[in-house]
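In: Provided below for reference: sequence and predicted model.
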Amino acid sequence: MLRTLLLLLALVVLVWVALSIVGWVLKGLFWLAVVALAVVAGTAMLNSSRRR
């Protein structure tokens, strides 16, 4: 009984850690995409102002 409970607790902790890491990675990728879009928009503005 106690061994089953400990295994279940270990499984829950492992799932929690895995989801935390996945969430951290996705959050980082989201902000990387936001920065990339800002750089692309800034470059497009600079290029359009230089052509005129």
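Out: Sure thing, it's come through.

In: for the record, mean pLDDT for the strand or helix carrying W24?
Out: Element membership of W24, judged by DSSP states H and E, is helix 2-51. Looking at helix 2-51 alone, the average pLDDT works out to 94.

In: count of neighbours near G23?
Out: 10 (other Cβ atoms under 10 Å). C-beta: built from backbone N, CA, C; applies to glycine.

In: distance of it from L2?
Out: Going from G23 to L2 by Cβ to Cβ, to the nearest Å gives 32 Å.

In: go on, W16?
Out: From W16 across to L2, the span is 21 Å (Cβ to Cβ).

In: neighbour count: the two, which is higher?
Out: When neighbours are counted by other Cβ under 10 Å, W16 and L2 differ, and W16 comes out ahead with 10 against 6.

In: state the distance from that one to A38.
Out: 33 Å.

In: cool, and I21?
Out: I21 is 26 Å from A38, by Cβ to Cβ.

In: next, count neighbours for L32.
Out: Other residues near L32 come to 10 when the count uses other Cβ under 10 Å.

In: residue numbering should commence at 31 henceforth.
Out: All right, first residue 31 from here; so that's L62.
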